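K.L.:
build me a model from this:
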Amino acid sequence: MPIEGKSRDDNKTVMPPGLYIVATPIGHAGDISLRALDTLAGVDLIAAEDTRVTAKLLAIYTIAKPLTAYNDHNAPHERPKLLRKLREGARIALVSDAGMPLVSDPGFKLVREAVEAGIYVTVVPGASAVLTALGLSGLPSDRFLFVGFAPAKSGERRKMLEELKTVRASLIFYESPHRLAETLADMAGIFGPRSAAVGRELTKLHEEVRRASLDELAQAYAAESLPKGEIALVVAPPEAAAADFAKVDAALEKTLPFMPVRAAAELIAEMLNAPRRAVYERALELKKDVDPV
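P.N.:
As a prediction, this is how the structure comes out:
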């Protein structure tokens, strides 16, 4: 909450004209940043996906600013108006209903055209359902791919999942409650026995995270009543195929007499698509056996 007795409209920070992409809470209103509050209080206009949703957030923090709707339905009509205001020197904040704008939300074309017009554009970062779900999942986070919503039709969804099957990264999806069980079942059939996590109502009062295999999650949600709320689904990457060390050993035995250990290991790892570190360690062992101290 803002400091007692002080409205954010009292903010005196000088803000340059331009487009401000502002993250808003994905659930808990307290997750908005101080910089986001100051930005919303300092702009001339707030372009919101749904003005009713944004009005409630502004009311909590006693911010009174003009609002205009900017969403998938009216963007072609409203975008030229916003760009004209920006060229005239306006300061405009772009917000979505929750989280970072442009992530499964409108705004990409507005930002692109603003950049092309030489208009100042900046981001005020904050809450993100994608990163929140990834952090809670307990799954590898060093490499991930945000997929968004999978197609509603099973055939199209399965085709997309086949394309993602070999991606060596944790996959993050948004999904609607009434398709969750069906999507999990399709994933289990195509991805195989992978770990996954379903995050529901993240940061809200009834936050829930369920972690299990895709098949277990599919069966559980199929047997229950439809879940409620916003859902983010994280799927673990495919496990690395076990290297065939019989082939690795045979190749190393032929190359080690003629090549340095590291060079031989890198060559064999590349040829057999095997883990470099494991091949190098195996090469050291073989070299030690051949040339004992």
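K.L.:
center of this structure - which residue?
P.N.:
The centre of the chain sits closest to V130, judged by CA atoms, centre = their mean, with a distance of 3.6 Å.
K.L.:
ok, that residue - contacts?
P.N.:
By CB atoms under 8 Å, 6 or more residues apart in numbering, the contact list for V130 reads 99, 103, 146, 172, 232. C-beta here means a position set from N, CA and C on the backbone, and glycine is covered the same way.
K.L.:
tell me which two of those residues sit farthest apart.
P.N.:
Within these, G99 and I172 form the most distant pair, 12.6 Å apart (CB to CB).
K.L.:
for the nearest residue to L214 once chain neighbours are set aside, what are phi and psi?
P.N.:
Leaving aside its sequence neighbours, L214 sits nearest to A188 (CB to CB, 6 or more residues apart in numbering; 3.9 Å). Main-chain torsions, A188, degrees, to the nearest 10: phi -60, psi -40.
K.L.:
make 14 the first number, not 1, from now on.
P.N.:
OK, 14 is where the count begins now, so the last one is A201.
K.L.:
double-check that the residue nearest to the centre of the chain belongs to a helix.
P.N.:
Yes - under DSSP: H, G, I helix; E, B strand; the rest coil, V143 sits within a helix.
K.L.:
circling back: give me the neighbour count for the residue nearest to L227.
P.N.:
Residues near A201, counting by other CB atoms under 10 Å, number 20.
K.L.:
so it versus R207, what's the distance?
P.N.:
As judged by CB to CB, to the nearest Å, A201 and R207 stand 8 Å apart.
K.L.:
which residues do those two both contact?
P.N.:
Residues touching both A201 and R207 (CB under 8 Å, 6+ apart): 226-227.
K.L.:
what kind of secondary structure is the closest residue to G151 other than its chain neighbours in?
P.N.:
Of all residues beyond its chain neighbours, the one nearest G151 is R224 (6.0 Å), with distances taken as CB to CB, 6+ apart. The assignment at R224 comes out as strand when based on three-state DSSP.
K.L.:
F271 now?
P.N.:
Three-state call for F271 (three-state DSSP): coil.
K.L.:
what about the helices in the stretch 14-163 of the chain?
P.N.:
Remark: helices assigned in the stretch 14-163 of the chain by DSSP state H, counting those that start in this stretch are 47-55, 64-73, 88-100, 121-129, 142-150.
K.L.:
and the longest one, what does it pack onto?
P.N.:
Read it as helix 88-100. Applying 3 or more CB pairs under 8 Å, 6 or more residues apart in numbering; DSSP states H and E, one finds that helix 88-100 contacts strand 58-61, strand 80-82, strand 104-108, helix 121-129.
K.L.:
in CSV: the ones you listed, plus distance to E175.
P.N.:
Below are these laid out as CSV (distance: least, CB to CB, whole Å):
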stretch, distance to E175
strand 58-61, 38
strand 80-82, 38
strand 104-108, 35
helix 121-129, 27
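K.L.:
including mean pLDDT, could those go into a markdown table?
P.N.:
Formatted as a markdown table, these follow (pLDDT from 0 to 100):
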| stretch | mean pLDDT |
| --- | --- |
| strand 58-61 | 98 |
| strand 80-82 | 98 |
| strand 104-108 | 98 |
| helix 121-129 | 96 |
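K.L.:
out of those, flag the one nearest H41.
P.N.:
Among the helices and strands packed on helix 88-100, strand 104-108 comes nearest to H41, with 16.2 Å by CB to CB.
K.L.:
who does that closest one pair up with?
P.N.:
Taking DSSP bridges as the criterion, strand 104-108 forms sheet pairs with strand 31-35 (parallel), strand 58-61 (parallel).
K.L.:
and those strands: which comes nearest E283?
P.N.:
Across these, E283 has its closest neighbour in strand 31-35 (42.4 Å, CB to CB).
K.L.:
residues making contact with that closest one?
P.N.:
If you take CB under 8 Å, 6+ apart as the criterion, strand 31-35 is touched by 49, 52-53, 56, 99, 104-108, 113-115, 120, 123-124, 127, 132-137, 139.
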